[in-house]
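Chemist: Sequence plus the predicted model coming up.
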Amino acid sequence: MAARVGPRALIRATQVLEQLAKGGQPSRSEISDAATSERAACVMLNKGPYIDEAVTVSPMS
């Protein structure tokens, strides 16, 4: 996730929606992380067979 710290962006990477991307079912904490990442400048998602679903759930879509 990213946050503004003065004029610079602070980027923090986490495993956002990894379980959804790989197994098709998100965990409760992943949905919470995705909701929190709405304030981020960008969100990194991991590859997996359900990546299309993860992109759809992501607040950046």
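Modeler: Noted; the coordinates are in hand. Source: prediction; values computed, not measured.

Chemist: Report the buried residues of stretch 34-53.
Modeler: For stretch 34-53, burial by neighbour count (16 or more other CB atoms under 10 Å) applies to 34, 37, 40, 43, 45, 48, 50, 53. Every C-beta, even on glycine, is put in place using the N, C-alpha and C of the backbone.

Chemist: Where does confidence bottom out across those?
Modeler: Within the buried residues of stretch 34-53, the minimum per-residue pLDDT falls on A40 (74).

Chemist: could the buried residues of stretch 34-53 go into CSV alongside distance to L20 and secondary structure?
Modeler: CSV is the format used below for the buried residues of stretch 34-53 (distance: CB to CB, whole Å; DSSP: H, G, I helix; E, B strand; the rest coil):
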residue, distance to L20, secondary structure
A34, 9, helix
S37, 13, helix
A40, 17, coil
V43, 13, coil
L45, 9, strand
G48, 8, coil
Y50, 6, coil
E53, 6, helix
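
Chemist: send the alpha carbons of the helix or strand where K22 lies over as PDB?
Modeler: Element membership for K22, per DSSP states H and E: helix 18-23. Taking C-alpha atoms only, helix 18-23 is exported to PDB below (Å, rounded to 0.1, in the frame of the first residue of the first chain):
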ATOM      1  CA  GLU A  18      -3.300 -13.600  -2.600                       C
ATOM      2  CA  GLN A  19      -5.600 -16.400  -1.400                       C
ATOM      3  CA  LEU A  20      -8.300 -15.200  -3.800                       C
ATOM      4  CA  ALA A  21      -5.900 -15.100  -6.800                       C
ATOM      5  CA  LYS A  22      -4.500 -18.500  -6.100                       C
ATOM      6  CA  GLY A  23      -7.500 -20.400  -4.700                       C
END
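
Chemist: who touches the spatially most central residue of the chain in this structure?
Modeler: Residue closest to the average C-alpha location in the chain (CA atoms, centre = their mean): V16, at 3.7 Å. Applying CB atoms under 8 Å, 6 or more residues apart in numbering, we find V16 in contact with 1, 30, 33-34, 37, 43-45, 58.

Chemist: is it possible to export those residues to CSV including distance to G23?
Modeler: Shown next, in CSV, are those (distance: CB to CB, whole Å):
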residue, distance to G23
M1, 22
E30, 11
D33, 16
A34, 15
S37, 20
V43, 19
M44, 18
L45, 14
S58, 16
